[in-house]
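S.K.: can you look at this prediction? I've put the sequence above it.
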Amino acid sequence: MIKKFIRKILGVKEDGRDPTQPVILGPEEHKIDPRNVSRNAVTVTQTLQEAGFKAFVVGGAVRDLLLGVKPKDFDIATDATPEQVKRLFRRAFIIGRRFQIVHVMFGQDLLEVTTFRGNGSDNAPKDEHGRVLRDNNFGPQHEDAARRDFTINAMYYDPATQTVLDYHGGIEDIRAKTLRIIGMPEARYREDPVRMLRVVRFAAKLGFTIEPTTRAPIPVMAPLIDNVPAARVFDEMLKLLLSGHALACLKELRSAGLHHGLLPLLDVVLEQPIGMKFVTLALESTDGRVKAGKGVSPGFLFASLLWHQVLEKWNAYRAAGESPIPALHLAADDVLDTQTENLALQRRIATDMRDIWAMQPRFERRTGKAPYKLLEHPRFRAGYDFLLLRCESGELPGEIGEWWTAFYAAEGGEREALLAAANARPRDGESGQKRKRPPRRGPRRRNEGEGDQAPATNSARGGGEE
């Protein structure tokens, strides 16, 4: 009686079901289209079953199949040990220390095969906050189901019999569009704080509602994410931002109080009209590309999210007397140093971000050979797309983006004509006559940095010399 009361208080679902016995759903009930199941996943399950083992498609792939969506990735769960799995496939590799899994390769297609986990987490090594550090205890299938995070991710599909095994009412929650954690929420989040990020991603991606007792502990337990290795947090953030629902995910992160420490100053950015519009446009563009099956650059995405932090520091350095180009590099260094520590940004991504930011003042210099040189930059297209976002958000005059769009598409003499027109056009606050410059004193000096000279266009916010 006391156990039942505690489980009710902590939000553990009580439906009278025996957790060791699954509900078995046939094709008429689950309506999974076998054509949406990867042929390689069928091969893996069939090979394991023919060797005398149990084997099922599991997790997010089953969830997507039940929703009528063709999964991108297929995970397999089996009662075979990692060593037994490895022996059955020519290209199979055991990886992982915290959780051992087997990667089975078919050309470029990678399938993850995991052995059923047992209820050994109580004795597994943990840190001082309760996070499981290593757990390779194997067990029966019903214990494996109980170890999974959410009910909708704890179902097993057997391609051979076309049946779904459901231990925790996942099919009911899918039909109700509800995200519910398995077990006691506080304990499950303490075991692995990344689950708090996952519930946000799934809710935004699937359009599901987070069940109240699943959501309730998140704001209080959010600081536990600080104890997770930065590389794991970065991987989860990348999945969240490349889910095709990045904007919804970030709004859900803020709502759940999870963004602190992940993207510092995000609140400040989203409270500023221009910053909010810029981030919204960037995320909408990313979501559109993901949904259209186009590639997305993580460097471009993070450069967009952190741009207004760079912009704020850039303006501060310039106000302190730094020249525009060196000031931009100093601002980029400050932001990247902080975010590399917080998010474990890979060097390649950080380099792409720096290139995109460093190009921005150069877009405002439309004289001589500078525009031609910028066209040859290996990251030009990313920098140009970034410029268009700045113009669309109102940070820069739209005319600059329109000019570069025309210059990019033009050829030969057309480009010369565009350059001539840009240099003949009166600048803000000028008449049609060319402004006289004060006489030079001393030898001409080149500004240091990628742009060589300060931008030609005055801009209050973008990259021009104020």
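M.R.: Happy to help now that I have it. Numbering: from 1, shown residues only.
S.K.: pLDDT weak spots in the stretch 101-250 of the chain?
M.R.: Along the stretch 101-250 of the chain, segments meeting pLDDT under 70 span 120-136.
S.K.: where does residue 420 land in three-state SS?
M.R.: Following DSSP: H, G, I helix; E, B strand; the rest coil, residue 420 is assigned to helix.
S.K.: okay, it: pLDDT?
M.R.: We have a pLDDT of 91 for residue 420.
S.K.: could you do residue 344 as well?
M.R.: Looking at residue 344, its pLDDT is 75.
S.K.: correct me if wrong: residue 248 contacts residue 204.
M.R.: Yes. Residue 248 is within contact range of residue 204, at 3.9 Å (criterion: CB atoms under 8 Å). Using the backbone N, CA and C atoms, a C-beta is placed for each residue, glycine as well.
S.K.: my read is residue 165 is in a strand, agree?
M.R.: Yes. Counting by three-state DSSP, residue 165 is found in a strand.
S.K.: quickly list what it is bridged to.
M.R.: Here residue 165 sits in beta bridges with residue 24, residue 156, going by DSSP bridges.
S.K.: which residues does it contact?
M.R.: Counting by CB atoms under 8 Å, 6 or more residues apart in numbering, residue 165 makes contact with 22, 23, 24, 25, 56, 141, 155, 156, 157, 158.
S.K.: make it 10 Å
M.R.: Going by CB atoms under 10 Å, 6 or more residues apart in numbering, residue 165 touches 21-25, 56, 58, 62, 141-142, 145, 154-158.
S.K.: any residues in contact with both of residue 248 and residue 204?
M.R.: Contact criterion CB under 10 Å, 6+ apart; residues shared by residue 248 and residue 204: residue 240.
S.K.: please, which helix or strand holds residue 352?
M.R.: helix 347-363 (DSSP states H and E).
S.K.: where do the helices sit along the stretch 351-466 of the chain?
M.R.: 370-375, 380-392, 398-409, 412-424 (DSSP state H, counting those that start in this stretch).
S.K.: would CSV of those with mean neighbour count be doable?
M.R.: Output for the helices of the stretch 351-466 of the chain, formatted as CSV (neighbours: other CB atoms under 10 Å):
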stretch, mean neighbour count
helix 370-375, 16
helix 380-392, 19
helix 398-409, 16
helix 412-424, 13
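S.K.: nearest to residue 303, of the ones you listed?
M.R.: Closest to residue 303 of the helices of the stretch 351-466 of the chain is helix 380-392 (CB to CB; 6.6 Å).
S.K.: and the helices in the stretch 101-250 of the chain?
M.R.: Using DSSP H, counting those that start in this stretch, helices in the stretch 101-250 of the chain cover 141-147, 170-176, 185-191, 194-206, 212-215, 218-221, 230-241, 246-256.
S.K.: okay, those helices in a markdown table with distance to residue 336 and mean neighbour count next?
M.R.: As requested, the helices of the stretch 101-250 of the chain are exported to a markdown table (distance: least, CB to CB, whole Å; neighbours: other CB atoms under 10 Å):
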| stretch | distance to residue 336 | mean neighbour count |
| --- | --- | --- |
| helix 141-147 | 38 | 21 |
| helix 170-176 | 41 | 18 |
| helix 185-191 | 30 | 20 |
| helix 194-206 | 22 | 22 |
| helix 212-215 | 33 | 18 |
| helix 218-221 | 29 | 16 |
| helix 230-241 | 14 | 18 |
| helix 246-256 | 20 | 20 |
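S.K.: break the chain into its domains for me.
M.R.: Domains of the chain are assigned by automatic domain parsing as 1-12+182-258, 18-168, 266-424.
S.K.: out of those, flag the one nearest residue 175.
M.R.: Nearest of the domains of the chain to residue 175, taken as CB to CB: domain 18-168 at 9.0 Å.
S.K.: mind checking how far the closest one is from the chain centre?
M.R.: Distance, stretch centre to chain centre, for domain 18-168: 24 Å (CA atoms, centre = their mean, to the nearest Å).
S.K.: below-threshold pLDDT in the stretch 351-466 of the chain: ranges please.
M.R.: Across the stretch 351-466 of the chain (using pLDDT under 70), the flagged ranges come out as 425-466.
S.K.: residue 293: which of the helices of the stretch 351-466 of the chain is closest?
M.R.: Comparing those by their distance to residue 293 (CB to CB), the top pick is helix 380-392, with 17.9 Å.
S.K.: and the angle from the closest one to helix 398-409?
M.R.: Relative orientation of helix 380-392 and helix 398-409, computed by axes from the mean of the first three to the mean of the last three CA atoms, to 10 degrees: 160 degrees.
S.K.: just checking, what packs against helix 380-392?
M.R.: Identification of packing neighbours for helix 380-392 by 3 or more CB pairs under 10 Å, 6 or more residues apart in numbering; DSSP states H and E yields helix 273-291, helix 298-319, helix 347-363, helix 370-375, helix 398-409.
S.K.: could you export those as JSON lines, including distance to residue 110?
M.R.: Putting the helices and strands packed on helix 380-392 into JSON lines (distance: least, CB to CB, whole Å) gives the following:
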{"stretch": "helix 273-291", "distance to residue 110": "20"}
{"stretch": "helix 298-319", "distance to residue 110": "19"}
{"stretch": "helix 347-363", "distance to residue 110": "20"}
{"stretch": "helix 370-375", "distance to residue 110": "38"}
{"stretch": "helix 398-409", "distance to residue 110": "37"}
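S.K.: so after whichever strand or helix holds residue 29, what's the next helix or strand?
M.R.: Residue 29 belongs to helix 27-30 when assigned by DSSP H and E. Toward the C-terminus, helix 27-30 is succeeded by helix 39-50 as the next helix or strand (DSSP H and E).
S.K.: now the helix or strand following that following helix: mean pLDDT?
M.R.: Per DSSP H and E, the first helix or strand lying C-terminal to helix 39-50 is strand 55-58. In this model, strand 55-58 has a mean pLDDT of 98.
S.K.: convert the C-alpha atoms of strand 55-58 to PDB, please.
M.R.: Listed in PDB are the C-alpha atoms of strand 55-58, where the atom choice follows Å, rounded to 0.1, in the frame of the first residue of the first chain:
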ATOM      1  CA  ALA A  55      16.300  -9.800 -31.900                       C
ATOM      2  CA  PHE A  56      14.000  -6.800 -32.400                       C
ATOM      3  CA  VAL A  57      13.900  -3.400 -34.000                       C
ATOM      4  CA  VAL A  58      13.600  -1.100 -30.900                       C
END
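S.K.: who's in contact with the helix or strand just after that strand?
M.R.: Elements were assigned by DSSP H and E; along the chain past strand 55-58, the next helix or strand is helix 60-66. Residues external to helix 60-66 that are found in contact with it (CB under 10 Å, 6+ apart): 25, 30-34, 36-38, 41, 56-57, 69-76, 111, 150-157, 164-166, 170-171, 173-175, 202, 206.
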